[in-house]
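In: sequence-free structure coming up:
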């Protein structure tokens, strides 16, 4: 009598299941911040949207603050990776304008909107400000370094360093304007002009 062999279904390792659950929670948090803002985002709503039990969510993120701060850092990491990937395909011609375009997209993305909700809330919430402030400073430094590399400027030159910071401040301001209305046509004209300014300034310095 032949004995039928049955393979046991392979179980996903605990570590992978944990990472997948955290990812679902973090993605759901960003979505809630963008759609409902800080005041409308609750841990209960996030767990429901992520399809994760309330108990499991509290195990990984015991407070709303811990959840949203980790979510912004998680998406910022993804953003950095996407920016690095986009930088590999920059054209040789009109490179500066292409750099401004991919940076501009960083300041009109869902993670920028989510971060904006945290900035506004942190203005009057000291505990949240203490958590968000250092994170934003680190992300700002990383973005500055990436921009220096993409534009090919000498960061040891104080003038060049200020030019990079002015570029990021400009892009952040345009991103804020885009939260209220479709500002794409005006943004395109400004970026065209600023790209020429950068090329003239960087070229002269070189």
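Out: Yep, it's here. In this text, all values refer to a predicted model and were calculated from it rather than measured experimentally.
In: and the residue nearest to the spatial centre of the chain, what helix or strand is that in?
Out: Geometric centre of the chain, nearest residue: residue 76, 3.4 Å, by CA atoms, centre = their mean. Under the criterion of DSSP states H and E, residue 76 resides in helix 64-87.
In: in that helix, what counts as buried?
Out: For helix 64-87, burial by neighbour count (16 or more other CB atoms under 10 Å) applies to 64-65, 67-72, 74-76, 79, 83, 86. Heads up, the C-betas are built off the backbone N, CA and C, glycines and all.
In: Quick check: pLDDT value at the closest residue to residue 68 other than its chain neighbours.
Out: Nearest residue to residue 68, sequence neighbours excluded (CB to CB, 6 or more residues apart in numbering): residue 29, at 5.7 Å. In this prediction, residue 29 carries a pLDDT score of 92.
In: Tell me how many other residues crowd residue 29.
Out: By the criterion of other CB atoms under 10 Å, residue 29 has 28 neighbours.
In: any low-confidence regions in this protein?
Out: Of all residues in the chain, those with pLDDT under 70 make up the ranges 1-14, 203-206.
In: where do the helices sit along it?
Out: Per DSSP state H, the chain has helices spanning 14-40, 43-50, 54-60, 64-87, 95-106, 110-122, 126-151, 158-178, 184-205. These are given in chain order.
In: Could I get the contacting residues of the closest residue to residue 129 other than its chain neighbours?
Out: Setting aside the residues directly before and after it, residue 129 is nearest to residue 122 in space (CB to CB, 6+ apart), at 4.0 Å. Neighbouring residues of residue 122 by CB atoms under 8 Å, 6 or more residues apart in numbering: 128, 129, 132, 133.
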